[in-house]
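# With the input below, show me the fold.
(chains A and B)
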2 protein chains.
Amino acid sequence: MRIGAIEAGGTKFICGIGNEKGEILERISFPTEAPEKTLEQAAAFFRGQGIEAMGIGSFGPIDLDCSSPSYGCVTTTPKPGWAGFDFVKYMKNFYPVPIGFDTDVNAAVFGEAKWGAAQGMESCVYYTIGTGVGVGVYAEGKLIHGLVHPEGGHVLTRRHPEDSFPGSCPYHGDCLEGMASGPAIERRWGVQGNNLPEDHPAWEMEAYYLAQAISGVILLLSPKKVILGGGVMQQKRLIPLIRKEVAQTLNGYVASRAILNGMDSYIVRPGLGDNAGLCGALALGIDAASI
Amino acid sequence: MRIGAIEAGGTKFICGIGNEKGEILERISFPTEAPEKTLEQAAAFFRGQGIEAMGIGSFGPIDLDCSSPSYGCVTTTPKPGWAGFDFVKYMKNFYPVPIGFDTDVNAAVFGEAKWGAAQGMESCVYYTIGTGVGVGVYAEGKLIHGLVHPEGGHVLTRRHPEDSFPGSCPYHGDCLEGMASGPAIERRWGVQGNNLPEDHPAWEMEAYYLAQAISGVILLLSPKKVILGGGVMQQKRLIPLIRKEVAQTLNGYVASRAILNGMDSYIVRPGLGDNAGLCGALALGIDAASI
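The predicted structure is shown next:
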């Protein structure tokens, strides 16, 4: 079976063709521009490839309510042409195959649960920390949605005592994304995160905010794995700092061996590396084909 | 079909016999004492009643991992005799029928999803705010567990600017439970919550903490209904204050009509009133019987 996969990011589209084993056989990537232009490029890539299903992990917010007239659309976004654009319908016109559609982070968490760091587990959460902060949630063997989809990057956090940065989120100021995204780091310190040295206090502060949010998710959902991806996580010092801070915050309260004795294999980088999103889109396509 | 239901609270046991419609036909309640003594009373109530299945919503923490040797046990608790006690096995010796077992708050959220304020919805969260703060989570039509069960009462919160109370949680100090439980209110103001007048500043502060945690859950899980029960919620002024504070915190970010225009029917009291826990246990029993 050949399945099409699209990781539709706000700045970059990645398209791939894969199989049921999670293998990506071919791929292409190009900048995200106006929807028709971008999707024509995607369609050209898939043309004549004999794909039997397609999975799309998309930037958002998107409408995932199957009973809604705007199901499959990108809803509100400042990206020219995309607000209200019917992504799924447009692709279905080109390829009348089953199409699985979810957020980019839900796709990533699904990929990780199928073939990555949480393989075979029935719950995990996936954070991407980059231009924004996104959270994908997988629990009881299902991707979680509700009124809309998880937007856990915007939870409020307790301010670090030495931090006077007001926060960069236009909606909430000093929410997690407002304090811990790549742009927040750059605005707070006046320099991009990838130019800050490993021993810069920025990283302890970054770990403080991320660990708070992760601790909250562990308390609320008790996921079997916490996976951290995105550009900001390239700083290698960050993940051990986060593990230490999460352990301190929980303070032994969650009585699970995975947390008390196994933090190094509990909070981890994506098992699929940079392929988590594309493999996740592939998994969405496989899922759509089998329904 | 006649189903047994047990709402096993830390201070009070409620046992009932009900049917598939969620009707409670008979009930009894008694104080929670040593496990054998308490469960013998429960067993005496169910004896000869022809029950075909049983559901138990229990105080915790409890082991819900079916593959664990201690499945069905209360794990750690200061309550004499209960730590490590095998609740499910003990009841199964009396009644070798299918037994559904979950936390008291997961039972309550299940009852509310089946017959209460979230009837027919595939997601909702249930908070109980009383001696402690507990959270039950239902998403994608399933009760959520993971490593252990939700313990969302212990999430960290941002401190109210006028609050100098250090918090009452022995694990986390000023986590949600440490700041907003009944005992926290009593210790902060020197008087029990039910003796504080409606216009006391305690209620704005209480709403501030609860709204923060609820906003976090809305962002993370996007539940279709938020249900607030427990003794502290008896103060009628609290729920409108919480709705207002949640709307302010989210600041229009979650673009759902239920939140933007329907807050009064989105954050609500339990549809089953004080029966949420017992009806939920009944629902667990029905579920166990049908597996």
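# From now on I want contacts and neighbour counts done on CA atoms only, so please keep to that.
Fine.
# Show me what residue A:139 bridges to in the sheet.
With DSSP bridges applied, residue A:139 shows beta-bridge pairing to residue A:142.
# That one: what's it in contact with?
By C-alpha atoms under 8 Å, 6 or more residues apart in numbering or on different chains, the contact set of residue A:139 is A:122, A:123, A:124, A:221, A:223, B:144, B:145, B:146.
# isn't the fourth one right next to residue B:153, touching?
In this case it means residue A:221. No - Residue A:221 lies out of contact with residue B:153 (C-alpha atoms under 8 Å); the separation is 11.5 Å.
# quick one, which of the two is more surrounded?
For residue A:221 versus residue B:153, neighbours defined as other C-alpha atoms under 10 Å in any protein chain shown are more numerous around residue A:221 (28 against 25).
# Can you give me the pLDDT of that one?
pLDDT, the model's per-residue confidence, is 97 for residue A:221.
# how about it, what does it touch?
By C-alpha under 8 Å, 6+ apart, the contact list for residue A:221 reads A:139, B:144, B:145, B:146, B:149, B:150, B:151, B:152.
# What residues does the stretch 101-250 of chain A have near chain B?
The stretch 101-250 of chain A has residues A:122-123, A:135, A:137, A:139-140, A:142-159, A:171-172, A:212, A:215-216, A:219-224, A:249-250 near chain B, with proximity defined as C-alpha under 8 Å from any C-alpha of the partner chain.
# out of the residues you listed, which are buried?
Buried by 16 or more other C-alpha atoms under 10 Å in any protein chain shown: A:122-123, A:135, A:137, A:139-140, A:143-159, A:172, A:212, A:215-216, A:219-224, A:249-250, out of these.
# Could you tell me which of the residues you listed belong to helices?
If you go by DSSP state H, those have A:212, A:215, A:216, A:219, A:220, A:221, A:249, A:250 in helices.
# Between which two of those residues is the distance greatest?
A:221 and A:249 (15.9 Å; C-alpha to C-alpha).
# Now do the domain split for chain A, please.
For chain A, automatic domain parsing gives the domain ranges A:3-104+A:274-290, A:117-269.
# Export these to JSON lines and append columns for distance to residue B:105.
As requested, those are exported to JSON lines (distance: least, C-alpha to C-alpha, whole Å):
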{"stretch": "domain A:3-104+A:274-290", "distance to residue B:105": "27"}
{"stretch": "domain A:117-269", "distance to residue B:105": "12"}
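# Of all these, which one is nearest residue B:235?
domain A:117-269 (25.4 Å).
# Helices of chain A, residue ranges please.
A:35-46, A:87-94, A:104-115, A:176-180, A:182-189, A:201-221, A:238-250, A:257-260, A:263-266, A:276-290.
# Alpha carbons of the lowest-mean-pLDDT helix or strand in chain A, as PDB, please.
For chain A, using mean pLDDT, DSSP states H and E, the weakest element among its helices and strands is helix A:257-260, scoring a mean of 92. What follows is helix A:257-260 as a C-alpha-only set of coordinates in PDB (Å, rounded to 0.1, in the frame of the first residue of the first chain):
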ATOM      1  CA  ARG A 257       8.500   3.700  38.700                       C
ATOM      2  CA  ALA A 258       8.700   5.400  35.300                       C
ATOM      3  CA  ILE A 259       8.800   8.800  37.000                       C
ATOM      4  CA  LEU A 260      10.600   8.000  40.300                       C
END
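# picking that back up, residue B:115: which of the helices of chain A is closest?
Using C-alpha to C-alpha, the nearest of the helices of chain A to residue B:115 is helix A:201-221, at 23.8 Å.
# If we go by neighbour counts, what in the closest one is buried?
Residues A:202-221 are the ones in helix A:201-221 that count as buried (16+ other C-alpha under 10 Å).
# Which one of the helices of chain A has the poorest average confidence?
Among the helices of chain A, helix A:257-260 carries the lowest mean pLDDT, at a mean of 92.
# chain center to that one, what's the gap?
Remark: helix A:257-260 is offset 25 Å from the chain centroid, using C-alpha atoms, centre = their mean, to the nearest Å.
# Which positions in that helix come out as buried?
If you call a residue buried by 16+ other C-alpha under 10 Å, then helix A:257-260 has these buried ones: A:258, A:259.
# Quick check: of the ones in helices among the buried ones among the residues of the stretch 101-250 of chain A next to chain B, which lies closest to residue B:67?
Set against residue B:67, the nearest of these by C-alpha to C-alpha is residue A:221 (18.9 Å).
# before we move on, the earlier item: which residues does the least confident helix or strand of chain A contact?
Contacting residues not belonging to helix A:257-260 are listed as A:224, A:247, A:252, A:254, A:265, A:266, B:147 [C-alpha under 8 Å, 6+ apart].
# Of those - the most surrounded one?
The most crowded member of those, judged by other C-alpha under 10 Å, is residue A:224 (23 neighbours).
# what residues are up against that residue?
A:118, A:121, A:122, A:123, A:124, A:258, A:266, B:146, B:147 are the contacts of residue A:224 under C-alpha under 8 Å, 6+ apart.
# quick one: the third one and residue A:143 touch, right?
The reference is to residue A:122. No - taking contacts as C-alpha under 8 Å, residue A:122 lies outside contact range of residue A:143: 10.0 Å.
# Any idea which residue is closest to the centre of chain A?
Nearest residue to the geometric centre of chain A (C-alpha atoms, centre = their mean): residue A:105, 2.4 Å.
# how about that one, what does it touch?
Taking C-alpha under 8 Å, 6+ apart as the criterion, residue A:105 is in contact with A:57, A:126, A:127, A:128, A:134, A:135, A:136, A:277.
# Distance-wise, check it relative to residue A:126.
Separation of residue A:105 from residue A:126 (C-alpha to C-alpha, to the nearest Å): 7 Å.
# Grab the nearest non-local neighbour of residue A:217.
residue A:223 (7.8 Å; C-alpha to C-alpha, 6 or more residues apart in numbering or on different chains).
# Double-check that neighbour against residue A:121; I have them as touching.
No - under the criterion of C-alpha under 8 Å, residue A:223 is not in contact with residue A:121, lying 9.2 Å apart.
# still on that earlier bit, quick one: the residue nearest to the centre of chain A from chain B, how far?
12 Å (C-alpha to the nearest C-alpha, to the nearest Å).
# Residue A:284 now?
Taking C-alpha to the nearest C-alpha, one finds residue A:284 at 16 Å from chain B.
# Please apply the same query to residue A:252.
Residue A:252 sits 8 Å away from chain B, going by C-alpha to the nearest C-alpha.
# who's in contact with that residue?
Residue A:252 touches A:260, B:171, counting by C-alpha under 8 Å, 6+ apart.
# can we see that at 7 Å?
residue A:260 (C-alpha atoms under 7 Å, 6 or more residues apart in numbering or on different chains).
# And it, what's its pLDDT?
With respect to pLDDT, residue A:252 has a value of 90.
# What residues of stretch A:57-76 count as buried?
Of all the residues in stretch A:57-76, those buried under the rule 16+ other C-alpha under 10 Å are A:57-64, A:70-75.
# First-to-last residue distance for it?
For stretch A:57-76, the first-to-last residue distance is 16 Å (C-alpha to C-alpha).
# do stretch A:259-277 as well
Termini of stretch A:259-277 sit 26 Å apart (C-alpha to C-alpha).
# Could you check that stretch and say which residues are buried?
Buried-residue list, stretch A:259-277, by 16+ other C-alpha under 10 Å: A:259, A:263, A:266, A:267, A:268, A:269, A:270, A:271, A:272, A:275, A:276, A:277.
# which of these lies closest to chain B?
Relative to chain B, the closest of the buried residues of stretch A:259-277 is residue A:259; by C-alpha to the nearest C-alpha it sits at 9.0 Å.
# For the closest one, give its distance to residue B:141.
Computed as C-alpha to C-alpha, the residue A:259 to residue B:141 distance reads 27 Å.
# Could you do residue A:126 as well?
Here the distance between residue A:126 and residue B:141 works out to 21 Å (C-alpha to C-alpha).
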